[in-house]
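> return atomic coordinates for the entry below.
(one chain, ligands or ions: 1)
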Amino acid sequence: MAEPSTRPDPAPVLDLLNAFRSSQALFAAVNLRLFECLAAAGDSKQLTVPELADAVRNRRGEGDGDGDGKGVSVDGLDRLCRACTALGLLDSPAPGCFALTPVAATYLVSSSPVSLTGYCTHSQQVVWPLFAELPAAVASGSNVWQRAFGQGGADVFARIYSTPPDVLRFMRGMHSFASLSAQAVVTAFDLSFASTLLDLGGATGAIAAAACEVYPGLASAVVVDLPHVVAAAEAHFAPPADGPCGGGRLRWLAADFFGEREKLPQQVDLIVLSRILHDWDPPRCEVLLELSYSLLRPGGAVLVAEMLLQPDRLGPRAAVLQDLNMLCQTHGRERSAEEYAAMLAAAGFECAEGRRTGSYLDAVLARKPLPTAAS
Ligand SMILES: C[S@@+](CC[C@H](N)C(=O)[O-])C[C@H]1O[C@@H](n2cnc3c(N)ncnc32)[C@H](O)[C@@H]1O
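Residues are numbered from 1 along each chain as shown. This next block holds a predicted model:
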């Protein structure tokens, strides 16, 4: 065994084995609506722990039913607030008194346009139990819905969307991440050639909305998703009618992209597949790419938005961890730009190019060839 003086620093291992404590502190604070309470704390925007405990109790049961419906102890809340302060989520302007940091005000209050609270709740309620079964996922090479929730994962989205609150929670989670990356994704390439866009599995329309904002020549953006998702998107995520998506420029279309291709518009200029291919195994990715190819006009393009693995598939860290998430949760995986380019080429696309955006999602663009003189 190495002498103590020559041993490597154990910090990386200790940090990793304790990392879940930080996540759970965050999830508990979101679940208690602690950040919402501080955001609503009047002009001073700060509360003592007993005041915060009262505010948390008053908010109990509000909203979409994700709260745990239990009371809160002043001692427990004091410990949680101090932990959140150490984690950079709260400030303590005076002893026993807490306020939001700018990062919490931006990302942990649900009314913020880039709120991540939906993804926190989804992570706590769904991703965490699935990850607890990671050894079984590694052993079987497939998702662990059955082990984690007692329900099979053959139809992953039926599991994710088990109840109406589940639908909204997952959509809020998708929306958080998509909103953070949407601008970077739609500007990774010049998409001004497109006057029609079809976003397959586009959920809340975050990417399509960003495209409407960036490209004035985009006349129509159609977001396709499952019927209950479309209903929830129209009810909860419709962009303002007087904004860049108004006047019917952005609309939703309820359709199953595997079974209802006849419902989908034809001859479109641009198809978006944002976090779609990573959900599916190779045969279903082939179906989706073949569908995309058939719906595009010649010279049109498909824009794939995903976290891209580096060519050796050993990083980046966020992408390889997302790959484990896909293993636990879906039939899919994360892939490198080279892997997407190969899949796109096999479907008939050309000129596939991957670009890192510096945001959470990267982009790959590929063209449907124009007919040659011979064809
Ligand atoms: C991982 S989410 C990505 C959502 C969105 N594109 C984004 O990046 O935020 C996958 C989406 O595919 C949709 N989806 C799954 N199966 C589908 C199907 N058979 N037909 C249409 N949409 C489907 C889901 O409802 C969900 O909105």
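
> over to Ser359: give its phi and psi.
phi -110, psi -170 (degrees, to the nearest 10).

> what parts of this structure come near the ligand?
157, 174, 178, 201-203, 206, 224-226, 229, 256-258, 274-276, 279 (CB under 6 Å from any ligand atom). (Glycine included, C-beta is placed from N, CA and C.)

> go again with 8 Å.
Counting by CB under 8 Å from any ligand atom, the residues of the chain close to the ligand are 157, 160-161, 170-171, 174-175, 177-178, 199-204, 206-207, 224-226, 229, 255-260, 272-276, 278-279, 305, 361.

> out of these, which end up buried?
Using 16 or more other CB atoms under 10 Å as the burial test, those include 160-161, 170-171, 174-175, 177-178, 199-204, 206-207, 224-226, 229, 255, 257, 272-276, 278-279, 305, 361 as buried.

> could you chop the chain up by domain?
For the chain, the domain assignment from the TED database gives the residue ranges 21-60+72-112, 174-368.

> winner for burial among the ones you listed?
Neighbour counts (mean count of other CB atoms under 10 Å) averaged over each of these peak at domain 174-368, with a mean of 19.

> report the distance from that one to the chain centre.
Offset of domain 174-368 from its chain centre (CA atoms, centre = their mean, to the nearest Å): 12 Å.

> per-residue confidence averaged over it?
Mean pLDDT, domain 174-368: 97.

> can you show me the helices along the stretch 101-250 of the chain?
Along the stretch 101-250 of the chain, the stretches classed as helices by DSSP state H, counting those that start in this stretch are 102-107, 117-122, 128-131, 134-140, 145-149, 156-160, 164-186, 206-214, 227-236.

> oh, I was asking about the stretch 251-375 of the chain
Using DSSP H, counting those that start in this stretch, helices in the stretch 251-375 of the chain cover 282-295, 317-329, 337-346.

> export those as TSV, with columns for distance to Asn58.
Formatted as TSV, the helices of the stretch 251-375 of the chain follow (distance: least, CB to CB, whole Å):
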stretch	distance to Asn58
helix 282-295	47
helix 317-329	35
helix 337-346	49
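
> looking at these, which is closest to Ala83?
helix 317-329 (22.9 Å; CB to CB).

> now do the contacts for Ser115.
Tyr107, Leu108, Val109, Arg172, Ser176 (CB atoms under 8 Å, 6 or more residues apart in numbering).

> okay if I get those residues as CSV plus distance to Ala341?
Listed next are the contacts of Ser115 as CSV, based on distance: CB to CB, whole Å:
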residue, distance to Ala341
Tyr107, 33
Leu108, 37
Val109, 40
Arg172, 32
Ser176, 29
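
> ok, the residues you listed vs Pro129, which is closest?
Once CB to CB is applied, the member of the contacts of Ser115 that ends up nearest Pro129 is Arg172, at 18.5 Å.

> surely the closest one and Cys120 touch.
No: if you go by CB atoms under 8 Å, Arg172 and Cys120 don't touch, sitting 9.5 Å apart.

> where does the chain get nearest to the ligand, residue-wise?
Using CB to the nearest ligand atom, the single residue of the chain nearest to the ligand is Gly201, 2.9 Å away.

> just the CA trace of stretch 313-326, in CSV.
Taking Å, rounded to 0.1, in the frame of the first residue of the first chain, the C-alpha atoms of stretch 313-326 are listed here in CSV:
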residue,chain,number,x,y,z
ARG,A,313,-16.9,8.2,-26.4
LEU,A,314,-15.1,8.7,-23.1
GLY,A,315,-16.6,12.1,-22.5
PRO,A,316,-17.7,14.8,-22.1
ARG,A,317,-18.7,13.9,-18.5
ALA,A,318,-22.3,15.2,-18.8
ALA,A,319,-22.8,13.2,-22.0
VAL,A,320,-21.5,9.9,-20.7
LEU,A,321,-23.6,10.3,-17.5
GLN,A,322,-26.6,11.1,-19.7
ASP,A,323,-25.8,7.9,-21.6
LEU,A,324,-26.3,6.0,-18.3
ASN,A,325,-29.5,7.9,-17.8
MET,A,326,-30.6,6.6,-21.3
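
> got phi/psi on Ala132?
phi -60, psi -20.

> OK, contacts around it?
Counting by CB under 8 Å, 6+ apart, Ala132 has contacts Ala148.

> how close does it get to Asp323?
18 Å (CB to CB, to the nearest Å).

> repeat for Asp155
From Asp155 to Asp323 the distance is 21 Å (CB to CB).

> same question for Met174.
Met174 is 18 Å from Asp323, by CB to CB.

> quick one: pLDDT of Asp66?
pLDDT, read off for Asp66, is 45.

> hang on, the earlier thing: do you know which of the helices of the stretch 251-375 of the chain lies nearest Asp91?
helix 317-329 (27.2 Å).

> ok, residues contacting the closest one?
126-127, 130-131, 133-134, 137-138, 141-145, 153, 156, 278-279, 307-310, 313-314, 332-334, 360.

> ok, stretch 169-183 next?
64, 66, 110, 113-119, 121-123, 125-126, 160-161, 203-204, 206-207, 209-210, 213-214, 229, 232-233, 236-237, 274-275, 305, 357, 359-361.

> likewise for stretch 279-286?
Counting by CB under 8 Å, 6+ apart, residues outside stretch 279-286 touching it are Val156, Phe258, Leu277, Leu288, Met326, Thr330, His331, Gly332, Met343, Ala346, Ala347.
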